[in-house]
Structures are given as C-alpha cells and as structure tokens.
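[1] What would the 3D arrangement of this be:
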Amino acid sequence: MKSIVFALSLLAAGTATTTAIAAEPVLAGYDRFAVSAAHRPSLMQGSLWYPVGTKTYVGFIGKGPVFKATKAMVGAGVKEGRYPLILLSHGSGGNMDAISWLSSELANRGMIVAGVNHPGSTSGDSSPRRSVKLQLRANDISAVLDHLLADPYFAQFIDPDRIFTAGFSLGGATALNLGGITFDQAAYANYCKKFGDEAQDCIFLAKGGVEFDHLPDEFSADNADSRISGIIAIDPGFTYAISDQSVQKTNLPVHLISLGKENIWKAADVGSKGSNLVARLQNVTHATLAPAHHFTFLAECTEKGALILKEEADDPICDDPDETDRAGIHAEIVGSIASFVDTMK
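    Residues are numbered from 1 along each chain as shown. Okay, the predicted model is just below:
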C-alpha cells in the first residue's frame with residue numbers, strides 16, 4: 001500500500017482563486033479552526049462544512065494536480081437551524097480537505113461535517129508505526145467535538161442528539177472505535193499471519209517495522225465517546241481484529257458501506273466471506289456499491305491525474321473497475337449516509 005507516497009504531493013489542500021458569487025450554484029460553507037488536545041504536542045488542523053446562511057466568496061478546497069477541487073463558500077455564515085453533526089475521519093495518507101466532495105455534499109443535505117488532519121497518518125506524515133495507535137486518532141475526533149461544542153458561534157447549530165462518527169478505511173476503524181468497538185492485538189497478528197501478501201494493510205505496516213506480535217496498547221484501547229449517536233464506516237480497516245466482546249456491548253446503530261463486490265480489500269471485507277462484521281453487530285445496516293473498489297472513494301481525478309501516478313510509479317488510484325462511474329458511486333455514498341442519518345430524527 002503506497003498511500004503515504006502519493007499523499008504529500010497529490011492530496012494538497014487549500015483555498016485559491018475567488019470568483020463571482022452570482023455565477024455560482026448553491027455551495028456549502030467551509031471554515032477552518034485549530035484544535036488543542038492534551039494527547040498532541042501541537043495544534044491540529046480542523047475543518048467544518050455546513051449549510052450556508054449568508055454568502056461570502058468562492059474558494060477551491062483540496063486543490064491538487066491529481067484530484068479535482070471542491071468549491072465552497074469560505075467563511076460563510078451558517079443557515080439558521082439545528083443540524084446533525086458528522087465527525088469525519090480520513091484514511092491513511094489522506095486529509096480532511098481531500099475528501100471535500102463528501103463533506104460538501106453532506107452539508108448540502110443539511111448536515112454539519114467536521115474533519116481533522118490526524119498527525120501521523122495524514123498527507124505527507126503517514127507513518128505505519130503511528131497509524132496503529134488507534135487511540136490517538138479517536139482522541140483527535142473527540143477533541144474536535146469538544147472544540148465545536150465549546151465554540152460560541154458553531155455550537156448553537158449542532159443537534160447534540162444527532163452526533164455521528166464517520167470515516168473511510170483507517171478512518172472507518174476510527175469511527176467504529178469511537179462508537180465503543182475495540183480491536184484485539186492477537187486477532188490482528190493472526191490475521192496478518194493468515195493472509196500475508198493478500199492483506200494490503202499488513203504489507204504497509206510491515207514496511208514500517210510494525211511487529212504484529214507486539215502492537216502498542218493504543219491499538220486495543222477503549223475509546224468510546226458517550227456523545228456519539230451512530231456510526232458510519234466506509235470500507236473500514238482492521239475488521240478482522242474487532243473484539244467480539246466489544247461488539248456484543250455496542251448497541252449504537254452502525255451503517256457499513258462496502259465498495260465493490262470483487263477485489264475487496266481483506267481488511268474491509270465485512271461480509272460472510274470476510275470478517276463477517278455485518279452478522280456480528282446487533283444494530284447494523286449494510287450497503288454494497290458496485291462496480292467500485294477501495295480507491296473509488298477518493299475524489300475524482302484531473303485529466304492528468306492518472307499520468308502523474310504512472311510517472312510516479314504509484315498506485316493507480318484514478319483507475320476504477322470497468323463500467324464504474326466514480327461520480328455516481330460518490331452520489332450513492334452521500335445518499336446512503338443521508339438515509340441513515342434521517343432514520344435518527
């Protein structure tokens with residue numbers, strides 16, 4: 001797995017050229033904030049997407065040479081109301097702005113979406129040894145929630161009874177972790193021994209010197225946040241290592257989204273031929289979207305994106321299975337999440 005290689009140069013985020021507001025369609029609002037947390041030595045970068053009340057100017061978020069940017073109303077006022085909050089965790093080597101396509105569309109569906117760049121597993125800073133310290137990632141998200149609920153402006157728009165944790169890949173594991181699901185060190189070591197080169201996650205971690213028989217305590221810590229109302233996990237990682245005891249104790253509603261019916265990543269296979277997480281959970285809904293594969297979740301690529309990746313000898317993340325409509329799969333992901341959140345009204 002080479003996500004950390006392309007992350008630095010290909011998932012660069014930022015805001016750029018402004019354009020005339022009058023010519024723009026309805027866009028979500030976007031803002032950034034700094035997050036202070038006791039478990040991190042320095043401030044973390046956080047972001048917020050939300051329904052727009054008063055307009056400002058248009059910026060391009062997540063702009064880079066491989067992935068298309070997402071337009072947003074930067075620093076706009078929030079539309080009056082109380083909205084469900086989605087706490088979104090990016091995958092290994094990703095970042096909060098690189099998945100703006102999802103955050104912006106959920107905001108346009110009447111949600112507030114908060115993200116954070118996880119130190120140690122974000123773009124240009126993704127370390128195998130730090131990525132297995134799942135407790136730190138979960139604590140990042142809890143710190144974001146602390147920050148928002150204490151914010152004198154944004155807190156008034158959050159519905160405290162509808163706070164969801166969501167994530168993709170490693171971020172999906174983080175989302176599950178925040179909902180009370182824990183991971184067993186021995187189970188993960190056995191998984192890596194069993195599947196070897198078939199398991200992309202084990203290959204990536206081994207390259208960083210991770211010893212599967214000596215995983216850090218942060219891998220298996222209980223990081224449940226009692227403020228969470230539901231869990232959304234898209235192709236989540238580490239599902240073979242999920243503790244049976246924690247699954248039995250978790251009664252929060254869980255929505256799992258699987259990408260593709262073939263070439264499924266081992267760690268994210270939640271079906272009967274994989275970790276069987278769907279059958280193990282008490283309160284679960286499951287959607288399988290196809291044709292697609294793991295990387296179909298990533299933003300749509302620019303015209304030069306595939307060529308750049310080929311020149312870098314990187315993973316062909318712009319290539320999808322035959323007949324895949326990446327934009328169409330993205331729309332299905334948004335609709336699937338929105339339907340799940342609507343059930344919590």
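[2] what lines up beside the longest strand along the chain in the sheet?
    Longest strand in the chain, counting residues (DSSP state E): strand 158-168. Applying DSSP bridges, strand 158-168 is found paired with strand 83-89 (parallel), strand 230-234 (parallel).
[3] C-terminal to the first one, what's the next element?
    The one in question is strand 83-89. helix 100-108 (DSSP states H and E).
[4] Relative to the following helix or strand past that next one, what are the paired strands and their orientations?
    Toward the C-terminus, helix 100-108 is succeeded by strand 112-116 as the next helix or strand (DSSP H and E). Here strand 112-116 has these sheet partners by DSSP bridges: strand 44-50 (antiparallel), strand 83-89 (parallel).
[5] Can you tell me what sits against strand 112-116?
    35, 44-51, 78, 83-90, 96-97, 99, 102-103, 106-107, 140-141, 143-145, 148, 154, 157-158 (C-beta atoms under 8 Å, 6 or more residues apart in numbering). All C-beta spots, glycine's among them, are computed from the backbone N, C-alpha and C.
[6] of the residues you listed, buried ones?
    Buried by 16 or more other C-beta atoms under 10 Å: 35, 44-51, 78, 83-90, 96-97, 99, 102-103, 106-107, 140-141, 143-145, 148, 154, 157-158, out of the contacts of strand 112-116.
[7] Ile242 versus the residue nearest to Trp265 when sequence neighbours are not counted, what's the distance?
    Spatially, and ignoring its direct neighbours in sequence, Trp265 is nearest to His294 (4.9 Å; C-beta to C-beta, 6 or more residues apart in numbering). From His294 across to Ile242, the span is 18 Å (C-beta to C-beta, to the nearest Å).
[8] Mind giving me the packing neighbours of the helix or strand just after the longest strand of the chain?
    Next along the chain after strand 158-168, taking DSSP H and E as the criterion, comes helix 170-178. When contacts are defined as 3 or more C-beta pairs under 8 Å, 6 or more residues apart in numbering; DSSP states H and E, helix 170-178 packs onto strand 83-89, helix 134-150, strand 158-168, strand 230-234.
[9] Contacts for the last one next, please.
    To tie it back to what came earlier, the one meant is strand 230-234. 86, 164-169, 171-173, 175-176, 178-179, 181, 252-257, 259, 297, 333, 337, 340-341, 344.
[10] In ChimeraX, how would I select just the buried ones from those residues?
    Selection of buried members from the contacts of strand 230-234 for ChimeraX, criterion 16+ other C-beta under 10 Å:
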select :86,164,165,166,167,168,169,171,172,173,175,176,178,179,181,252,253,254,255,256,257,259,297,333,337,340,341
